[in-house]
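> Below is the sequence, then the predicted model.
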Amino acid sequence: MFILKVSEEVRKACPDYNGAAILATVKNSSFNEDLWKQIDAVAAEYKTSHKIDEVKNNPHILATRNAYKKFGKDPNRYRPSAEALCRRIVRDLPLYRIDTLVDLINLVSIRTGYSIGGFDASKIVGDTVELGVGKADEPFEGIGRGMLNIEGLPVYRDAIGGIGTPTSDNERTKLSVETTQLLAIINAYSGSEGLAEAVDYMQSLLREFTESDGGEVIYY
């Protein structure tokens, strides 16, 4: 089990922040048809009930955007992942098909508005993961994005550096089909309301699609 910490810098700027981490043994796969039936149904419902300028009004997305602003980052240039996913749906762009774990996490983000970090726990260095704020010129290779400017972004770090932000996770600790140990972190800048329900939902999906028992949960 990892120790999850929140830096004083984040606590001071975002006193309502709550986090939940799920550590689970999983069996990943490249594609799951039944999962994608759920994703397609949720996406279709979302598209019919939202307009593009309404996406950011989700309270969890809005709170994440406000956190970016407090740290000096423009959320319109570096969109939180949940917002980016929902905007793709409203714009009638196809959602990415990565693998079952990533697709499952994306489904939770679409349903809830939380930006969720998904990491291969075996690739995390040390036993502590701390949420801080990105520094100028701090190296961070975003998944599929190359080197990402994370100055002013909330960032989780292990013993050797950043592993994830609400905009993008790091190539170094990314999930793959070979992943058997998942660390998923749900970032609730809007407070605790709705967080336990999101955890329960993710655990139910893990049980259904990854042969997991749902894993262990840490609230912090």
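Here it is on my side, so go on.

> contacts, neighbours, all on C-alpha from now
Fine.

> chain center to the longest helix anywhere in the chain, what's the gap?
Using DSSP state H, we find that the single longest helix of the chain is helix 33-49. Centroid separation for helix 33-49 versus its chain: 19 Å, with C-alpha atoms, centre = their mean, to the nearest Å.

> repeat for stretch 89-101
15 Å.

> Report the buried residues of it.
Using 16 or more other C-alpha atoms under 10 Å as the test for burial, stretch 89-101 gives Ile89, Val90, Asp99, Thr100, Leu101.

> Would you tell me which one of those residues comes nearest to Arg11?
Of all these, Arg11 sits closest to Leu101, with 29.6 Å by C-alpha to C-alpha.

> which residues touch that closest one?
When contacts are counted by C-alpha atoms under 8 Å, 6 or more residues apart in numbering, Leu101 touches Asn28, Ser29, Leu175, Thr210.

> If I look at the closest residue in space to Asp74 that isn't next to it in sequence, what pLDDT would I see?
Counting by C-alpha to C-alpha, 6 or more residues apart in numbering, Tyr68 is the residue found nearest to Asp74 once chain neighbours are left out, at 6.6 Å. Looking at Tyr68, its pLDDT reads 98.

> how near is Thr179 to Lys27?
According to C-alpha to C-alpha, to the nearest Å, Thr179 stands 7 Å off from Lys27.

> What segments of the chain are strands?
Along the chain, the segments classed as strands by DSSP state E run 3-6, 18-25, 115-120, 128-133, 141-142, 146-147, 154-158, 161-164, 181-188, 216-219.

> For my notes, please list the ones you listed in CSV and give mean pLDDT for each entry.
Below are the strands of the chain laid out as CSV (pLDDT from 0 to 100):
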stretch, mean pLDDT
strand 3-6, 98
strand 18-25, 98
strand 115-120, 98
strand 128-133, 98
strand 141-142, 98
strand 146-147, 98
strand 154-158, 98
strand 161-164, 98
strand 181-188, 98
strand 216-219, 98
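
> Dump those strands into JSON lines; add mean neighbour count and distance to Glu45 as well.
What follows is those, written out as JSON lines (neighbours: other C-alpha atoms under 10 Å; distance: least, C-alpha to C-alpha, whole Å):
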{"stretch": "strand 3-6", "mean neighbour count": "16", "distance to Glu45": "35"}
{"stretch": "strand 18-25", "mean neighbour count": "21", "distance to Glu45": "27"}
{"stretch": "strand 115-120", "mean neighbour count": "25", "distance to Glu45": "20"}
{"stretch": "strand 128-133", "mean neighbour count": "20", "distance to Glu45": "33"}
{"stretch": "strand 141-142", "mean neighbour count": "21", "distance to Glu45": "30"}
{"stretch": "strand 146-147", "mean neighbour count": "12", "distance to Glu45": "33"}
{"stretch": "strand 154-158", "mean neighbour count": "23", "distance to Glu45": "31"}
{"stretch": "strand 161-164", "mean neighbour count": "26", "distance to Glu45": "29"}
{"stretch": "strand 181-188", "mean neighbour count": "23", "distance to Glu45": "23"}
{"stretch": "strand 216-219", "mean neighbour count": "15", "distance to Glu45": "30"}
